[in-house]
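# Here is my input; please provide its structure:
(one chain, ligands or ions: 1)
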Amino acid sequence: MSERKPKRTLRFDRIAMIIIPILVAAILLVLGIGLFTGKDKKNKPEPTPTPTAEPTPTPEATPTPTPTVDPETDSRFFDTDSYLIVANKKHKLPEGYEPSDLAYPEVEMRYNNWTMRWDAAVALEEMFKDAEKDDIHLVMGSGYRSESFQKTLYDGYAEESGIQYADSISSRPGYSDHQTGLATDLCGQDTQYDLTQEFEKTPEGKWLAENAWKYGFIMRYPKGKDKITGYTYEPWHFRYITKEEAKKIHDAGENMTFEEFYGISGGDYAD
Ligand SMILES: [Zn+2]
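Numbering: from 1, shown residues only. Here you go, the predicted structure:
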């Protein structure tokens, strides 16, 4: 009798010793998986911000030191009184911008009675007089054009031949160098070369390419710089930027552009 009892208890103990740990292990396993997956679900949104935070400081540090000028932060390029105010297809002039010191230069005109900002008009008169001494007879073919004038001009081209064509030969209102009151289109005695690239071959075109900088004017759209300026070669379009600045650009090399010299973005419209 006494032999059976322990046998039974022993058997029960043995079973218990085998089953209980298995059960415990199974429960722990189930709980463990539950906890693990639960944790995983809870933590899932957390690991996502970690990788995004990493790339922010490192790669952005490299492009910053580039010696370019941001016209948005340098008043020389957006101040409405500045002679370096930028108007190109990437930089629009302030809404409804109109210079306050427009004047009629006392020079020979064609197509209209044009104005320019005071200092530019004075410089233009000086240039025309000096050209006469070299037997060169310049004619002013365009000057200041208001935003509404430019709108009429641009809309006319766009309506007739489409936006693509209008953009290729004209500026959208607010983007024109002529609206600064510092730009002029110059012509010679032979009208057939007016506003054509052949103007470069005329005595007036040659004289301007060589001498305009001395009076504070730069050829705004030189040959082969379309992608930088946003415009094809215009040997007739000159922009006043003061004698001091024009000399710097002239000395910087042949066909140097305003955009390249000051490190300003140009080219085509953003949209
Ligand atoms: Zn022009």
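# got the phi/psi numbers for the residue in the stretch 51-200 of the chain that the ion sits nearest to?
Residue of the stretch 51-200 of the chain nearest the ion, by CB to the ion: D185 (4.1 Å). C-beta here means a position set from N, CA and C on the backbone, and glycine is covered the same way. For D185, the backbone dihedrals (degrees, to the nearest 10) come out as phi -100, psi 120.
# domain parsing for this structure?
What automatic domain parsing lists as the domains of the chain is 4-58, 75-262.
# For the last one, give the mean pLDDT please.
Per-residue confidence for domain 75-262 averages out to 96 on the pLDDT scale.
# what distance separates the start and the end of it?
This stretch, domain 75-262, spans 13 Å end to end (CA to CA, to the nearest Å).
# same question, stretch 215-231
From start residue to end residue, stretch 215-231 stretches across 23 Å - CA to CA.
# Is there any residue in that stretch that contacts the ion?
No - if you take CB under 5 Å from the ion as the test, stretch 215-231 misses the ion, and the best it gets is 7.5 Å.
# mind listing what's buried in that stretch?
Using 16 or more other CB atoms under 10 Å as the test for burial, stretch 215-231 gives 215-222, 225, 228-231.
# mind listing the helices in this structure by residue range?
4-43, 49-53, 57-60, 118-133, 147-161, 163-169, 203-211, 226-229, 243-251, 258-262 (DSSP state H).
# Please report how far the closest residue to A212 other than its chain neighbours lies from Y175.
Among residues not flanking A212 along the chain, F238 sits closest, at 5.4 Å (CB to CB, 6 or more residues apart in numbering). Separation of F238 from Y175 (CB to CB, to the nearest Å): 18 Å.
# neighbour-wise, which of the two wins?
When F238 and Y175 are compared for neighbours, F238 comes out ahead with 28 against 21, by other CB atoms under 10 Å.
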